[in-house]
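In: Show me the folded form of this:
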Amino acid sequence: MKINLLRNGLALLLTFSATLATAQNAPQMIDIPLSRPGETVNLEISIVSARIEVIGEDREDASFEVSVEEGTRNIVTPTGTQSLKTGAYSVEVEEQDNHISVDTDWRANKVKILARIPRNANLELETVNDGEIIVSNISGKLVLDNVNGPITATNINGSVIAESVNESITVSFSGINTDEAMSFSSINGDLNIGLPAKTGAELHIDSAEGEIISDFEVEVRPSKPVISRENSRHGVEVSVESVIIASINGGGTVIKLKTLNGDINITKSSQ
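Out: Residues are numbered from 1 along each chain as shown. Okay, the predicted model is just below:
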C-alpha cells in the first residue's frame, strides 16, 4: 500500500492503522509534503521498541516506510487454548511548519521505520527496548537516544548528542558544526567517533575501564575537578566531575566522551 497526501491548511495529520487482516510483512508507504520545501526539516521519532533508519536525500518532501513485527498471544476458550499472531497497531505522522513527528500507540510490537528526508534536517530519535538507530547523509543537529540498542550515524555534517546504555555508538563526520558542543555516552558499549583529519577539538574524556585509542596526536592538558552547586527551595545539590582534557589540532569544539566499560576509539574519517 502507498499513501500519497496533499496539503490542506497549515498542518497535516495522518493516522494509519493496520490490523491482522493486512499483510503483516508488507511495509506501508507514506509520502508527506512539507510546509516549506527546500528549508530545514525537523524530525522527531519516539517509539518504545523500534528500528529507526533515517536517510538524507536530495528531495523536497519526506517518505516513510513502516512495518511491524508479528507477535503471538494465546486465547483461552472452552475448547482449549489457541495461539494467535498479533500485529494490530496504529502509527501517527504529523507535519506542521516543516516539523514532522512520528509516534505509535503502546500496543505495537517492534516497529520498523525507514525515513527518507531532505539532507538539511535536525533529528530527535529515541527508542528503548530491542531497538536500533541508523542515520546517514544528514546535515544538522542530531539528538539520538537508544537505551538497549546500538546507534550508528555516517556522513554527518553538523553536531551529535548520542546516548546508549548497553550498546556501542558509532558516528562518522564529514564536517562538524564548530558552534555546537557534542556528547557521546554509553555505559557498556564502545564509542567509535570518526572526525575529519583537520578537526580542531577539545576532548573531555570520562573512561573507567576501557582503552582510549586515537588516530590523532593529542595534547593532554592539566585538569582539576569541576565542582558545581545548585540551590533550590528543596535544598542544595553539589556535584563533582573530573575528566581527562585532551586537545587535537590545537583544540576547538568541545566533545564529551563518557563510557564505563567500553573502549573509546577516535579515528580520522575518510570524508
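
In: who touches the strand or helix carrying residue 143?
Out: Secondary structure from DSSP states H and E places residue 143 in strand 139-146. By CB atoms under 8 Å, 6 or more residues apart in numbering, the surrounding residues in contact with strand 139-146 are 40, 56, 119-128, 131-133, 135, 151, 153, 156-164, 167, 175, 177, 180. The C-beta positions use only the backbone N, C-alpha and C, and glycine is treated the same way.

In: Compute the distance between residue 47 and residue 250, please.
Out: 42 Å (CB to CB, to the nearest Å).

In: Looking at these two, which one has more neighbours?
Out: residue 47 (21 against 9; other CB atoms under 10 Å).

In: so who does the more buried one touch?
Out: Counted by CB under 8 Å, 6+ apart, residue 47 has contacts 102, 103, 104, 108, 111, 113, 126, 127, 131.

In: What of residue 46?
Out: If you count contacts by CB under 8 Å, 6+ apart, then residue 46 has 103, 124, 125, 126, 127 around it.

In: JSON lines for those, including distance to residue 31, neighbour count and secondary structure?
Out: As requested, those are exported to JSON lines (distance: CB to CB, whole Å; neighbours: other CB atoms under 10 Å; DSSP: H, G, I helix; E, B strand; the rest coil):
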{"residue": "103", "distance to residue 31": "18", "neighbour count": "15", "secondary structure": "strand"}
{"residue": "124", "distance to residue 31": "22", "neighbour count": "16", "secondary structure": "strand"}
{"residue": "125", "distance to residue 31": "20", "neighbour count": "28", "secondary structure": "strand"}
{"residue": "126", "distance to residue 31": "24", "neighbour count": "19", "secondary structure": "strand"}
{"residue": "127", "distance to residue 31": "23", "neighbour count": "26", "secondary structure": "strand"}
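
In: Quick one: which of these has the lowest pLDDT value?
Out: pLDDT is lowest at residue 103 among these; the value there is 86.

In: which SS class is the closest residue to that one other than its chain neighbours?
Out: Spatial nearest neighbour of residue 103, chain neighbours left out: residue 92 (5.0 Å); criterion: CB to CB, 6 or more residues apart in numbering. On the three-state scheme (DSSP: H, G, I helix; E, B strand; the rest coil), residue 92 is labelled strand.

In: Measure how buried residue 92 is and give me the count.
Out: 14.

In: Please report how far it lies from residue 101.
Out: 8 Å.

In: quick one on the thing from earlier: got JSON lines for the contacts of residue 47, with distance to residue 78 too?
Out: Output for these, formatted as JSON lines (distance: CB to CB, whole Å):
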{"residue": "102", "distance to residue 78": "42"}
{"residue": "103", "distance to residue 78": "39"}
{"residue": "104", "distance to residue 78": "34"}
{"residue": "108", "distance to residue 78": "31"}
{"residue": "111", "distance to residue 78": "35"}
{"residue": "113", "distance to residue 78": "41"}
{"residue": "126", "distance to residue 78": "44"}
{"residue": "127", "distance to residue 78": "40"}
{"residue": "131", "distance to residue 78": "40"}
